[in-house]
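S.K.: I'd like to go over a predicted model; first the sequence, then the structure.
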Amino acid sequence: MSTILQSVGGTHDGVTITDALHRPLRDLRISVTDRCNFRCPYCMPKEVFGRDWAFLPRAELLSFEEIVRLARVFVTLGIEKIRITGGEPLLRRDLPKLIAGIARIEGARDLTLTTNGALLSRMADDLKQAGLQRLTVSLDAIDEAVFRAMSDVNIAAARVLDGIDAAVAAGLHPIKVNMVVKRGMNDHCIGAMAGHFRHTGHILRFIEYMDVGDSNGWRMQDVVPAREIIDVVENEWPLEPIERNYPGEVATRYRYRDGGGEIGMIASVTQPFCRGCTRSRITADGTFYTCLFATRGHDLRQLLRQGANDGEISAFISSVWRGRSDRYSEIRRGAGIGLPKVEMSRVGG
Ligand code: SAM
Ligand code: SF4
Ligand code: SF4
């Protein structure tokens, strides 16, 4: 038995595990590919993720069997919500088969997926049939020119909107729509986006541009603070705050006073929410991260492929979580200075 197996040993007792800051392990985000058909400059800028970029070879990706097995172990450790992400998850071949495998796990209460929506029109039905419960679609603008600048590909925003319609027809309504707001790029589209999604039942969530990874050239002056975004919407359609759906929800929720529906705000730069962060992440090659801004991950694929049993994998995950003290967004520049951070396209947002 290898050192990594010997060092963990034992089985988990089924009790909720908490980290060093008393935060329980509740959410799991599984990235199924590091590839993407978009090149959003805030995530996978073309200059970095160009022709020469070495994406993971197939043999290094976790197989569906490995992913389902890990997901099952995580569920025994208290995970309630599983989100499939990427890169672009709809690029992973036969994705509905994976969804079906995860949907069958007893105790996995919420199964959802985040996509850029480009391939959604043709896949929405299969995803829903496979057991997907909810969907988040990223869309940074409806204006075609702005959309192209934000995604840096020759794909129309209209295609993403068609994908949203297909998802609604498939029964995935309401949908969450993620809009990353970047100063000077799409901040003039805040009102148009809000106007478009009012009265649709979909929940538009504005996301502050974050300093994830090391390749997007992030600068504080490019961040449009949540307060400013809310003011823009509120000027046109008065809002009132509403309660969080559950403890640890990252979005602050508001509703239009005129009954136009709900919006959300994810203000991880100006109003960090590390205190309630219950999220864990696995990359497509099976690396376990306990923070979006982590400089180091933990190799679960090695454990799986060395023949570790579920108890050993569970004990390893527990020990990592128990030692977790991440709170990058609260300390920001003071955290991990000089160490390379994991890229968003790898760890999955
Ligand atoms: N490709 C899929 C998509 O775009 O929905 C899933 C993966 S993507 C990494 C997940 C989410 O992260 C998307 O909503 C995206 O807008 C968001 N994201 C990526 N880079 C970001 C950044 N620098 N700041 C804030 N959000 C970011
Ligand atoms: Fe691709 Fe999503 Fe990153 Fe855009 S945000 S480059 S769609 S992974
Ligand atoms: Fe969680 Fe890390 Fe984000 Fe804080 S910075 S909310 S610990 S993922």
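M.R.: That came through, no problem. Ligands and ions are numbered 1, 2, ... in the order given.
S.K.: need the contact list for residue 83.
M.R.: Residue 83 makes contacts with 27-30, 112-114, 136, 348, as judged by CB atoms under 8 Å, 6 or more residues apart in numbering. Bear in mind the C-beta positions are built from the backbone N, C-alpha and C, glycine included.
S.K.: where do the helices sit along the stretch 1-150 of the chain?
M.R.: 3-8, 64-76, 95-103, 120-130, 144-151 (DSSP state H, counting those that start in this stretch).
S.K.: could you dump these to a markdown table with mean neighbour count?
M.R.: Shown next, in a markdown table, are these (neighbours: other CB atoms under 10 Å):
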| stretch | mean neighbour count |
| --- | --- |
| helix 3-8 | 13 |
| helix 64-76 | 20 |
| helix 95-103 | 20 |
| helix 120-130 | 19 |
| helix 144-151 | 18 |
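S.K.: Of the ones you listed, which shows the lowest average pLDDT?
M.R.: Looking at the helices of the stretch 1-150 of the chain, the lowest mean pLDDT belongs to helix 3-8 (a mean of 38).
S.K.: and the stretch 151-300 of the chain, which residues reach ligand 3?
M.R.: Counting by CB under 6 Å from any ligand atom, the stretch 151-300 of the chain comes close to ligand 3 at 268, 273-274, 277, 279, 291-293.
S.K.: can you do 5 Å?
M.R.: 274, 277, 291-292 (CB under 5 Å from any ligand atom).
S.K.: near ligand 1 at all, the strand or helix carrying residue 330?
M.R.: In the assignment (DSSP states H and E), residue 330 maps to helix 328-331. No: using CB under 5 Å from any ligand atom, helix 328-331 never reaches ligand 1; the gap is at least 11.5 Å.
S.K.: do that helix and ligand 3 meet?
M.R.: Yes: Helix 328-331 lies within reach of ligand 3 by CB under 5 Å from any ligand atom, at 328-329.
S.K.: Helix or strand next in line after that helix, which one?
M.R.: Next along the chain after helix 328-331, taking DSSP H and E as the criterion, comes helix 344-347.
S.K.: which residues are in contact with that following helix?
M.R.: 29, 31, 34, 36, 43-44, 49, 86-87, 210, 212-213, 281, 283-284, 289, 292, 294.
S.K.: Not counting sequence-adjacent ones, nearest residue to residue 238?
M.R.: Of all residues not flanking residue 238 in the chain, residue 257 sits nearest, at 4.4 Å (CB to CB, 6 or more residues apart in numbering).
S.K.: again with residue 204
M.R.: residue 197 (4.4 Å).
S.K.: For residue 285, give its distance to residue 86.
M.R.: According to CB to CB, to the nearest Å, residue 285 stands 12 Å off from residue 86.
S.K.: correction: residue 187
M.R.: Applying CB to CB to residue 187 and residue 86 gives a distance of 26 Å.
S.K.: next one: residue 47
M.R.: On the measure of CB to CB, residue 47 and residue 86 end up 20 Å apart.
S.K.: When those two are compared, which one has more neighbours?
M.R.: Neighbours were counted for residue 47 and for residue 86 using other CB atoms under 10 Å; residue 86 has more, 28 against 9.
S.K.: tell me the pLDDT at the more buried one?
M.R.: pLDDT at residue 86 comes out at 96.
S.K.: that older thread, dump the residue contacts of the residue nearest to residue 238.
M.R.: 237-240.
S.K.: Residue 282 is in contact with residue 300, correct?
M.R.: Yes: taking CB atoms under 8 Å as the definition, residue 300 is a contact partner of residue 282 at 6.6 Å.
S.K.: Would you mark the buried spots in the helix or strand harbouring residue 315?
M.R.: Secondary structure assignment for residue 315, by DSSP H and E: helix 310-322. Across helix 310-322, burial judged by 16 or more other CB atoms under 10 Å covers 312-321.
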